[in-house]
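Q: got a structure for you, letters missing:
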């Protein structure tokens, strides 16, 4: 793909965030791509699921928005984060956006579940990306199926490829009481992450219900209405599990 072809590549965007502080280093311009194949029980962006929704645009038009914040991002040590939805589900569009960012020397992050086949396009995306925020739902196959409705086979293969080539990763894990908060599951994930060798840090994210109203808006059955938010002490206890494997935890 040439740079001109990249500018003309079309895709769908859900929304932008001009000053993200939790989606990678520094201050980030966050692009939420439209469409996701997973149906996570605790998703707080269900409006980003449908591939035909959102705003159709070109990578060039999206990059025009990104460029407005270039100096702002660089002065803070930040850059651009591509999230979703599932950004890897629009591989040609994502590749085009990454190419345009790299041409301008902008730091790039992709926030992904890793639910992607390792195609040639996916590998080019990986090469163009400086850092991955890898949202692992569970390393337990059955639990992953319960949480997302899909197998974790692609996610595991994707993560292991990132490890093989030494691509930097921040591992994210949402702690949901009475669902995926078993200590033995944490130990299994921590052991796996430590063995990868490319996980710079682990981000343990407490389950929250800030997106529940969206499920009601779109008339979707929300199964976690009675699920409590984990206490800070619980999160810290789980953090110690990861630290025992030599991992840095946020």
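A: Cool, the structure landed. Not measured: the values here are computed from a predicted model.

Q: helix or strand right after the helix or strand bottoming out on mean pLDDT in the chain?
A: In the chain, no helix or strand scores lower on mean pLDDT, DSSP states H and E than helix 70-75, which sits at a mean of 84. Next along the chain after helix 70-75, taking DSSP states H and E as the criterion, comes strand 79-83.

Q: so what strands line up beside that following strand?
A: strand 28-33 (parallel), strand 108-112 (parallel) (DSSP bridges).

Q: closest one to residue 244 among the ones you listed?
A: Among those, strand 108-112 comes nearest to residue 244, with 26.7 Å by Cβ to Cβ. Placement of C-beta: from N, CA and C, glycine included.

Q: in the closest one, what counts as buried?
A: Neighbour counts using 16 or more other Cβ atoms under 10 Å place 108, 109, 110, 111, 112 of strand 108-112 among the buried residues.

Q: The fourth one contacts residue 129, doesn't it?
A: No: with contact taken as Cβ atoms under 8 Å, residue 111 and residue 129 are classed as non-touching, separated by 10.3 Å.

Q: tell me the mean pLDDT over the longest strand along the chain?
A: The residue-count maximum for a strand in the chain (DSSP state E) belongs to strand 10-20. Strand 10-20 comes out with an average pLDDT of 91.

Q: Quickly run through the sheet partners of it, with directions.
A: By DSSP bridges, strand 10-20 pairs with strand 28-33 (antiparallel), strand 55-58 (antiparallel).

Q: Which residues does it contact?
A: 23, 27-35, 45, 47-48, 51-59, 62, 65, 69, 81, 84-85, 90, 92-94, 96 (Cβ atoms under 8 Å, 6 or more residues apart in numbering).

Q: want to try CSV for the buried residues of strand 108-112, with pLDDT as columns?
A: What follows is these, written out as CSV (pLDDT from 0 to 100):
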residue, pLDDT
108, 97
109, 98
110, 98
111, 97
112, 97
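
Q: Surely residue 221 is within a helix?
A: No: counting by DSSP: H, G, I helix; E, B strand; the rest coil, residue 221 is not part of a helix but coil.

Q: Report the contact partners of it.
A: Counting by Cβ under 8 Å, 6+ apart, residue 221 touches residue 215.

Q: Show the model's pLDDT score for it.
A: 93.

Q: want to try JSON lines for the buried residues of strand 108-112, with distance to residue 2 as columns?
A: Formatted as JSON lines, the buried residues of strand 108-112 follow (distance: Cβ to Cβ, whole Å):
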{"residue": "108", "distance to residue 2": "19"}
{"residue": "109", "distance to residue 2": "24"}
{"residue": "110", "distance to residue 2": "22"}
{"residue": "111", "distance to residue 2": "27"}
{"residue": "112", "distance to residue 2": "25"}
